[in-house]
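A.B. asks: can't give you the sequence, but here's the structure:
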DNA sequence: GCTTGTCATGTTATCTTATATCATTTAAAC
DNA sequence: GTTTAAATGATATAAGATAACATGACAAGC
């Protein structure tokens, strides 16, 4: 079931479009280190490793998948190990939880105060993060009309990414252009 | 955007504020019966009871809460009993799943083909359903820009309902009650 | 009436996701 | 170096969800 990308795929099929994935990881870690230093947060080894694991894929990872990988990296092997690291990353804005998958993904816009929205491919499981402004649309209108005070929003769209449309739905195909 | 309060909301967010709750239940059941008859779906006793249970509250119910109530009503007591009834209701558009709560709620606009959005009070747990148009806002823009084809959206807002703002957070107002 | 196919239900078992709790260790502050 | 707070390790269990199979209800066809 596992598709282990990034092992031998030169161009990552995930993330909707090609990009310099190595810099995704390096930049994400550097950004997290800088922000933790600035805010007095402690990016401990297990937390750093968890973030690195998330950054390796543009897809959401379940807590137990994370746990497996942390264990493989020599960290503890009980659920709280993964959940605590993930909680830290989410609280610090370095990762997000995808509610409809019960899974976690590295934040694509760390540092920015933002309201994330996610596009989730149901075939290849790639996830792209966009900015949402739900409070400005019909939801915001309904909230104002009813007096509801929005504190946090969850916006997730499930569908097909460019590579998985048009019959190439097996996903993961290298040659799949847009 | 327009900020006209309360006057022009096309679909009122049932759940916050007082209303004839008895008719919520009666109307919901009648609507479901009519739509099942029209579509050849079977609203069996356990399914009907599950819908009635959901309609009794403007808040989300976990599958195991549902199971408890179904058991109390004389139906089976194993998880699939609740999950099957809930699956039927969700598939038929009579109920929705609130992803960030892992819980279920009766649809407030049955019959209408719609993209629901939810406002969830973190204090009293009341949930109101509104209409969303996520594909028209920044999410839709991002989807078009990246070539992502949206099939389903999850839009949920967590915050405080009118009754729970301003110190009266015990849910004293009980806007959804009786 | 009986058979057959289909859908729904009951039940067992198991799997996945998540948290409470307490002991121990590490890092930092003094 | 001692104190203190935070982080980690480990055990146990709660909560959410599904797979698999047996039984039952009911309509269609013989």
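C.D. replies: Nice, thanks for sending it over. What you are looking at is a predicted structure, and each value in this text was computed from that prediction instead of being measured.

A.B. asks: From now on I want contacts and neighbour counts done on CA atoms only, so please keep to that.
C.D. replies: Will do.

A.B. asks: Which secondary structure elements does the helix ranked longest in chain A sit against?
C.D. replies: In chain A, taking DSSP state H as the definition, the longest helix is helix A:21-39. Applying 3 or more Cα pairs under 8 Å, 6 or more residues apart in numbering or on different chains; DSSP states H and E, one finds that helix A:21-39 contacts helix A:45-55.

A.B. asks: right, is the helix it packs on up against DNA strand C?
C.D. replies: No. Helix A:45-55 is not in contact with DNA strand C by Cα under 7 Å from any atom of the strand; minimum separation 8.6 Å.

A.B. asks: and the next helix-or-strand element following that helix, anywhere near DNA strand C?
C.D. replies: Beyond helix A:45-55 on the C-terminal side, the first helix or strand identified by DSSP states H and E is helix A:63-72. Yes. For helix A:63-72 and DNA strand C, the contact criterion (Cα under 7 Å from any atom of the strand) is met by A:63-65.

A.B. asks: angle of the helix or strand just after helix A:63-72 against helix A:63-72?
C.D. replies: Using DSSP H and E, the helix or strand that follows helix A:63-72 in sequence is helix A:79-91. Counting by axes from the mean of the first three to the mean of the last three Cα atoms, to 10 degrees, helix A:79-91 lies at 110 degrees to helix A:63-72.

A.B. asks: Tell me the residues of chain A that contact chain B?
C.D. replies: Applying Cα under 8 Å from any Cα of the partner chain, we find that chain A lies next to chain B at A:16, A:99-100, A:117, A:119, A:130-134, A:136-139, A:141-162, A:178.

A.B. asks: Among those residues, which ones lie close to DNA strand C?
C.D. replies: Of the residues of chain A next to chain B, not one also sits near DNA strand C (Cα under 7 Å from any atom of the strand).

A.B. asks: averaged over its residues, what pLDDT does the strand ranked longest in chain A have?
C.D. replies: Longest strand in chain A, counting residues (DSSP state E): strand A:149-160. Taken as a whole, strand A:149-160 has an average pLDDT of 95.

A.B. asks: Show me how far it is from its chain's centre.
C.D. replies: 14 Å (Cα atoms, centre = their mean, to the nearest Å).

A.B. asks: same deal with stretch A:97-110?
C.D. replies: With Cα atoms, centre = their mean, you get 4 Å for stretch A:97-110.

A.B. asks: Does that stretch reach DNA strand D?
C.D. replies: No. Interface with DNA strand D: stretch A:97-110 contributes nothing (Cα under 7 Å from any atom of the strand), its closest point being 8.7 Å away.

A.B. asks: Can you pull out the low-pLDDT segments for chain A?
C.D. replies: Residue ranges of chain A with pLDDT under 70: A:1-15, A:167-178.

A.B. asks: Could you give the bridge partners of the spatially most central residue of chain A?
C.D. replies: For chain A, the residue sitting closest to the mean C-alpha position, by Cα atoms, centre = their mean, is residue A:105 at 2.0 Å. Note on residue A:105: beta-bridge partners residue A:96, judged by DSSP bridges.
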